[in-house]
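# Let's see this in three dimensions:
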Amino acid sequence: MMEKYEINKDTLAVIGLNDGKTKVIEYHLEKILDEPAYEVMEHSCGYFGSSYQGRVEGSRNILGCNYKVPIIVEESSEIIFFPTASPSLSECSWFSLHAIESITEGKDESFINLKNGSKITLPVSKTSIENQLLRATRLKYLINTRKEAKY
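Next up, the predicted model:
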């Protein structure tokens, strides 16, 4: 059996490809995996001791939103990823909260520049990606606020 990929602190993006494959981008590495992005996310959540569905439910409870929710893949390192589309779609890509350097808008797409210099083009509006980035930032903020709360 092929070894599964686990998201880690160097993972910047998990890009869903239409052929059931996934491109993973780390700071110093890019690789193509023979599994959909959803399975990479699901396996990584399990690797760090939770289910993907549990992560989604937790984020929904914290944020009060129901679709395209960001998830905390691993708490102690604050590995938070957000989707660019419905996670059930093969073209859904996931980005680390800390991965994006800048976003520019094209005619029917966005150009995402990652912190390692990689450039990704997606058929998603800049506004949609920025909203997802804000949602992930809010998740991190609310989690940290709860951690620091005095009882």
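
# what number of residues lie near residue 24?
Neighbour count for residue 24, taken as other C-beta atoms under 10 Å: 19. Placement of C-beta: from N, CA and C, glycine included.

# who touches it in this structure?
Residues near residue 24 by C-beta atoms under 8 Å, 6 or more residues apart in numbering: 5, 11, 13-15, 30-33, 40.

# Let's see if you can find the most crowded of the residues you listed.
Going by other C-beta under 10 Å, residue 14 tops those with 26 neighbours.

# does that one sit in a helix, a strand or a coil?
strand (DSSP: H, G, I helix; E, B strand; the rest coil).

# circling back: now, which of the contacts of residue 24 lie within helices?
residue 40 (DSSP state H).

# Quick check: of the contacts of residue 24, which lies closest to residue 117?
residue 30 (11.3 Å; C-beta to C-beta).

# and the closest one, how far is that from residue 9?
Using C-beta to C-beta, to the nearest Å, we find residue 30 at a distance of 17 Å from residue 9.

# now residue 69
Note on residue 69: its distance to residue 9, by C-beta to C-beta, is 21 Å.
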